[in-house]
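Engineer: task: produce atomic coordinates for the following.
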Amino acid sequence: MICGDQKNGMTLCKLRPFAREFLLEANKLFQMHVFEHSHPEHRKEVISLLDPQGTYFGKRIITYRDSEMKNLDLVLAEERGVVILDDKLAHPEFSYAEERIDEDAEDGGLANALELLKEVHRKFFTEKDEDLRDVRALLFPLES
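Structural biologist: Next up, the predicted model:
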C-alpha cells in the first residue's frame, strides 16, 4: 500500500499492483497479521482497503499501542514458524526488502515476496524432522 502526503485532512492511499492477488495466495499458506503504526481512524481505512471482508486478517491487528517496534512477542505463535514481511529496512541485515521503486505485478516486490514465501512454506513442511522446521534457518541459512 502506498499512502501519499496528507492534504486538507485527507490521505490518498493506493494499493500496490498485485496486492489483492498477493493477499489471496499468501492467505492460503499463512495466518496473517497486520502491524500498523498509524492513528486509529487511518488504520481502519487502510485495513478496510486491504481486507474489506476481514478474510485475511480478521481481528489479528497489532497496533502501535501494543508495541513501538515490530517484533514477534505479540504474535501468539512459535518464532520458528513466523515470517515478518515489511517494506521498511528497519533491520537491513535480515531483509529481503527492495528500495522504493515502481511496482510491477509480475516482477515487483510483492510478486517476489510471494515466491519467497511459497518456497519457505514448501521447505518448512517438507522437512521430515519436525524439530528442524524453522523459517529463520530457511530465510537466513548459515554461510558455509
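Engineer: following the chain past the helix of greatest length in the chain, name the next helix or strand.
Structural biologist: With secondary structure taken from DSSP state H, the chain has its longest helix at helix 109-126. Along the chain past helix 109-126, the next helix or strand (assigned with DSSP states H and E) turns out to be helix 135-139.
Engineer: CA-only coordinates of that next one in CSV, if you can.
Structural biologist: Presented in CSV, the C-alpha positions along helix 135-139 are these (Å, rounded to 0.1, in the frame of the first residue of the first chain):
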residue,chain,number,x,y,z
VAL,A,135,11.7,-20.4,8.9
ARG,A,136,14.7,-18.5,10.3
ALA,A,137,17.1,-21.1,9.0
LEU,A,138,15.3,-21.2,5.7
LEU,A,139,15.4,-17.5,5.2
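Engineer: so what touches it?
Structural biologist: 79, 80, 81, 82, 83, 94, 96, 116, 119, 120, 123, 124 (C-beta atoms under 8 Å, 6 or more residues apart in numbering). In this view, the C-beta of every residue, glycine as well, is placed from N, C-alpha and C.
Engineer: separation between the fifth one and residue 51?
Structural biologist: Same thing as residue 83. 18 Å (C-beta to C-beta, to the nearest Å).
Engineer: please pull out the lowest mean pLDDT helix or strand from the protein.
Structural biologist: Of all the helices and strands that make up the chain, strand 2-3 has the lowest average by mean pLDDT, DSSP states H and E, namely a mean of 56.
Engineer: quick check: next helix or strand after it?
Structural biologist: Next along from strand 2-3, by DSSP H and E: strand 13-14.
Engineer: give the other helices and strands that the helix or strand following that next one contacts.
Structural biologist: Next along the chain after strand 13-14, taking DSSP H and E as the criterion, comes helix 19-29. Contact here means 3 or more C-beta pairs under 8 Å, 6 or more residues apart in numbering; DSSP states H and E; on that basis helix 19-29 packs against helix 109-126.
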